[in-house]
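Student: Please find the sequence and the predicted model below.
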Amino acid sequence: MLKKGSKLYSILTGTCPKCQNESMYLDKNPLHLNKILKMHENCSHCGLHYQIEPSFFYGAMYVSYGLNVGIGIAAFIISFLFLGASLKVAFIVIIASLLISFPFVLRWARNIYINMFVSYDPKNKLK
């Protein structure tokens, strides 16, 4: 399921969407919050320039919004409907789940957004 060549592989691992041989981020750990958005300029393997155009990753905010809405709805359904928590507790669970997932959502949104525009090419090599 999670093999090299699939968009899901690139999204979940944060690798270059074109060659999937190198991480796009300087620090692979999303929990290092001071380096969470620091990216390489280009892929050292295929030469893909990650910042396709100026302010390219501003579009990832829309993806982030969608992911956060999904997480909030899932947290509400699990806490309120399945576990029978009160509305106040369900609200606290939503806030806590959004805070905990923040660094992952930030990276996943960027990964999803760049994968919308760049496809995997196994033949692409740096010349």
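Tutor: Received the coordinates, thanks. Numbers count the residues shown, from 1 in each chain.
Student: May I ask which helix or strand of this structure has the lowest mean pLDDT?
Tutor: Ranked by mean pLDDT, DSSP states H and E, the weakest helix or strand in the chain is helix 7-13, scoring a mean of 91.
Student: which stretches of this structure form helices?
Tutor: Under the criterion DSSP state H, the chain contains helices at 7-13, 60-76, 87-117.
Student: So what touches the second one?
Tutor: It stands for helix 60-76. Here helix 60-76 makes contact (CB atoms under 8 Å, 6 or more residues apart in numbering) with 90, 93-94, 96-98, 101, 105-106, 108-110, 112-113. C-beta coordinates here come from the backbone N, C-alpha and C atoms, glycine included.
Student: Let's have the residues you listed in JSON lines, adding pLDDT, neighbour count and distance to Cys16.
Tutor: Shown next, in JSON lines, are the contacts of helix 60-76 (pLDDT from 0 to 100; neighbours: other CB atoms under 10 Å; distance: CB to CB, whole Å):
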{"residue": "Ala90", "pLDDT": "94", "neighbour count": "19", "distance to Cys16": "39"}
{"residue": "Val93", "pLDDT": "95", "neighbour count": "18", "distance to Cys16": "36"}
{"residue": "Ile94", "pLDDT": "96", "neighbour count": "19", "distance to Cys16": "34"}
{"residue": "Ala96", "pLDDT": "97", "neighbour count": "12", "distance to Cys16": "33"}
{"residue": "Ser97", "pLDDT": "97", "neighbour count": "18", "distance to Cys16": "30"}
{"residue": "Leu98", "pLDDT": "97", "neighbour count": "16", "distance to Cys16": "29"}
{"residue": "Ser101", "pLDDT": "95", "neighbour count": "16", "distance to Cys16": "24"}
{"residue": "Val105", "pLDDT": "95", "neighbour count": "20", "distance to Cys16": "20"}
{"residue": "Leu106", "pLDDT": "93", "neighbour count": "18", "distance to Cys16": "18"}
{"residue": "Trp108", "pLDDT": "94", "neighbour count": "19", "distance to Cys16": "16"}
{"residue": "Ala109", "pLDDT": "95", "neighbour count": "22", "distance to Cys16": "17"}
{"residue": "Arg110", "pLDDT": "93", "neighbour count": "25", "distance to Cys16": "12"}
{"residue": "Ile112", "pLDDT": "95", "neighbour count": "18", "distance to Cys16": "14"}
{"residue": "Tyr113", "pLDDT": "94", "neighbour count": "21", "distance to Cys16": "14"}
